[in-house]
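Trainee: below is the sequence, then the predicted model.
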Amino acid sequence: MAKVLMKGNEAIGEAAIRAGCVHFFGYPITPQSEVPEYLAKRLPEVGGKFVQAESEVAASNMIYGAAGVGVRVLTTSSSPGISLMSEALSYIAACELPVVVVNVMRSGPGLGGILPAQSDYLHATKGTAHGDFKMIVLAPASVQEAVNLVILAFELAEKYLNPVMVIGDGMIGQMMEPVEFPVEGVGKPLDPGNWALTGCKGRGKRIINSLYLDPEICYRHNLKLTAKYEEIRKAEQRFDTYNTDGPYDLLVTAFGMTSRIARTAIDELAQEGQRVALFRPITLNPFPYEALRAAASKAKRVLDLEMNMGQMLQDVRMALGPDAAIDFFGTAGGVVPSPDQCREKMLESISKTGSRPKAKGARRNP
Amino acid sequence: MSIYGARATDFLPSGGLVMVVGNYGSGKTEVAVNMALRMSERGAGVSIADLDIVNPYFRCREARDLMEAHGIRVVIPPGAQVSGDLPIILPEIKGMLRPAEGRASIFDVGGDPVGARVLSSFREHLDGAPYELWQVINSRRPFTGDVAGCLRMRAEIEESSRLKVTGLIANSHLVGETTTEVILEGHRLAREVSEAGKVPVVFVTAMAELADSPELDAIDAPVFRIERRMLPPWLRACDEREDPTMPAARPVPLGRAREF
């Protein structure tokens, strides 16, 4: 199939369709509004259903209901809207239903602004809503990767019967890049298993419910969920590295779009003989702690770059322990760090290691 | 030598009102900014208005510093409203509808019929004054990959703007992955749309890296060399490469990056 040029938001919508999802419930908010805009046009063409809900609260409860009857379903929003949706995500996780949620992050807190940010990292990975539950959280760094991860998100949601969030800053929703889609129907029809409400004629009834007044039953349910999260932790960690083949003095950690900016700076510094590598988690949950520890063991220092005030930094510190030398540079409010700024911060960190630049044309990965 | 190279650019007007419309992401802003720079270089007094009330990022206001360094008047919302997503129409816009002799006005209009609707409020003020309304087409974008899609987009834009499309701009590309074949394919589509819709192809765009390719000689319309100005933050603009004819202004694509 020929490549097409798509906005991230449009590509996310199309990827869902290719994954076999033809049901969308959502509400517009900048900078993700092109997802509902695109799907409002496209879903009728493929026999799907598009509903603009009266609010994010309504939309997230609609996906709860749709998933409950065994329908593959998507919603998307941006930071403040995701906050509104969060209550239902706790219910969906409790009832073990497969849904995919996309958060195209904007700056906060509060209404913040419409420009890009990465400040919902902790919300997505640690504290989406009440109760002990975890979502799988995937962070793409290009429009093509957003396509691939949306398709993967549906697979994982259905494999583990759990909500999966694809999270990107506003840029990934708004920027345009060439993309390719898998040929046809990656998404086989969703298997309603032994849980979906499909009408109980000829079989026993099924109930989807998250109220457990008996403490022991609720406790057992939590143990079951915890065992599932442990299985996910072991099996689903994903990450990407850059420039890690040769020796390096500094390891940069960054996720999503920030990693692209970091790579530009890393390439430019390589020309000057500075050896900097990059570690990019793709699954923000489960976070690849061991892989980061291994990558950092070759570096003298770590620099964490984010478009927030230091959220993934907590996981980086958790991975590397209290004695690790970790610097941090973050921007907020919709301000995007420039390659020059990242470069300066990298040089500052390198200067603290006492390393001298190596010969020009140092080794680089293609 | 002009940064736009040897390809002719006489097809660009030296004055008057040009409005650039098209579907989302067809490349209106990139085309409008490049036109403004080129027309200004050729001696026209150029004003450009960012009428994009649809798109939140990558609007021509992001190339403001560069254009102002070239003496182009950039009409955009003031202060913090510049980073909003509000439908703000400045009073200066009305003055731009009938540019004085030797001056040109360019309107960079928002995408799709919803973005073009803003133009409908100008029809009475135009009152028969001449204008150009150019539809930008990228054959690699969803919904405008074939003649029917382009004609539908045109009809919807004409309905919501209450104005008539007067020309087509073939702007087929895949950013960094563009090939001459993509440009030629876009030209073929624009010709078919032109024949079916009875409006001329004004020009075909080609990214600077490809503009001098001999394959493009097959195009029987003017070829306009485009320098990429609307950049994601990890790419560097052409000004930071070697280009003595341009001042070292660089579009900061999104929020101004600085420390507080």
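Mentor: Cool, the structure landed. Residues are numbered from 1 along each chain as shown, chains lettered A, B, ... in the order given.

Trainee: in the chain, where is pLDDT below threshold?
Mentor: Using chain A. Filtered on pLDDT under 70, chain A yields the residue ranges A:1, A:183-187, A:359-366.

Trainee: ah, no, chain B please
Mentor: B:1-9, B:56, B:80, B:82-85, B:87, B:236-260.

Trainee: quick one: the strands in it?
Mentor: Using DSSP state E, the strands of chain B run over B:16-22, B:45-51, B:73-75, B:103-109, B:132-137, B:167-170, B:201-207, B:223-226.

Trainee: now do the helices in the stretch 1-150 of chain B.
Mentor: For the stretch 1-150 of chain B, helices defined by DSSP state H, counting those that start in this stretch occupy the ranges B:28-41, B:64-69, B:92-96, B:112-116, B:123-126, B:147-161.

Trainee: deepest of the ones you listed, which one?
Mentor: Ranked by mean neighbour count, those are led by helix B:28-41 with a mean of 25 (mean count of other CB atoms under 10 Å in any protein chain shown). The C-beta positions use only the backbone N, C-alpha and C, and glycine is treated the same way.

Trainee: is it anywhere near chain A?
Mentor: No - judged by CB under 8 Å from any CB of the partner chain, helix B:28-41 and chain A are separated, with a smallest distance of 10.3 Å.

Trainee: next one: that helix to chain centre, how far?
Mentor: Counting by CA atoms, centre = their mean, to the nearest Å, helix B:28-41 is centred 6 Å from the centre of its parent chain.

Trainee: columns distance to residue A:98 on top of the helices of the stretch 1-150 of chain B, output as TSV?
Mentor: Converted to TSV, the helices of the stretch 1-150 of chain B look like this (distance: least, CB to CB, whole Å):
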stretch	distance to residue A:98
helix B:28-41	39
helix B:64-69	46
helix B:92-96	49
helix B:112-116	33
helix B:123-126	51
helix B:147-161	34
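
Trainee: is there any residue in stretch A:160-171 that contacts chain B?
Mentor: Yes - between stretch A:160-171 and chain B, judged by CB under 8 Å from any CB, the touching residues are A:170-171.

Trainee: that older thread, who wins for proximity to residue A:302 among the strands of chain B?
Mentor: Among the strands of chain B, strand B:201-207 comes nearest to residue A:302, with 38.1 Å by CB to CB.

Trainee: ok, and what's touching that closest one?
Mentor: With contact meaning CB atoms under 8 Å, 6 or more residues apart in numbering or on different chains, strand B:201-207 is reached by B:7, B:11-12, B:27, B:31, B:34, B:132, B:134, B:167-171, B:173, B:178, B:183, B:186-187, B:190-191, B:194, B:213, B:216, B:219, B:221-226, B:228.

Trainee: show me what from the stretch 101-250 of chain B comes close to chain A.
Mentor: Applying CB under 8 Å from any CB, we find that the stretch 101-250 of chain B lies next to chain A at B:138, B:140-143, B:145, B:173-177, B:232-236.

Trainee: tell me the one among these nearest to residue A:316.
Mentor: Nearest member of these to residue A:316, counting by CB to CB, is residue B:234, at 21.3 Å.

Trainee: and the closest one, what is it in contact with?
Mentor: A:257, A:260-261, A:263-264, A:339.

Trainee: can we see that at 10 Å?
Mentor: Residue B:234 is in contact with A:171, A:257-265, A:267, A:336-339, A:342, B:253, counting by CB atoms under 10 Å, 6 or more residues apart in numbering or on different chains.

Trainee: same check, this time on residue A:125
Mentor: By CB under 10 Å, 6+ apart, the contact list for residue A:125 reads A:134-137, A:139, A:165, A:167, A:281, A:283-287, A:311-312, A:314-315.

Trainee: same check, this time on residue B:214
Mentor: residue B:180.

Trainee: quick one: it from residue A:211, how far?
Mentor: Relative to residue A:211, residue B:214 is positioned 72 Å away (CB to CB, to the nearest Å).

Trainee: and residue A:224, by the same measure?
Mentor: From residue A:224 across to residue A:211, the span is 16 Å (CB to CB).

Trainee: hmm, who's touching the longest helix seen in chain A?
Mentor: The longest helix of chain A (DSSP state H) is helix A:215-235. Residues from elsewhere that reach helix A:215-235 (CB under 10 Å, 6+ apart): A:93-94, A:96, A:131-136, A:156, A:159-162, A:164, A:210-212, A:214, A:283, A:285-289.

Trainee: could I get the buried residue list for that helix?
Mentor: Across helix A:215-235, burial judged by 16 or more other CB atoms under 10 Å in any protein chain shown covers A:225, A:228-229, A:232-233.

Trainee: what about residue B:179, distance to residue B:215?
Mentor: For residue B:179, the distance to residue B:215 - CB to CB - is 9 Å.

Trainee: do residue B:188 as well
Mentor: 13 Å.

Trainee: got the domain ranges for chain A?
Mentor: Chain A breaks down into these domains under automatic domain parsing: A:4-197+A:206-235, A:240-353.

Trainee: pull the distance from the last one to the chain's centre.
Mentor: What that stands for is domain A:240-353. On CA atoms, centre = their mean, the centre of domain A:240-353 falls 18 Å from the chain's centre.

Trainee: end-to-end on it?
Mentor: 24 Å (CA to CA, to the nearest Å).

Trainee: excluding chain neighbours, what is closest to residue B:68?
Mentor: residue B:74 (5.8 Å; CB to CB, 6 or more residues apart in numbering or on different chains).

Trainee: which residues does the one you found contact?
Mentor: B:33, B:36, B:46-50, B:60-61, B:63-68.

Trainee: so which of the contacts of residue B:234 are in strands?
Mentor: Going by DSSP E, the strands hold none of the contacts of residue B:234.
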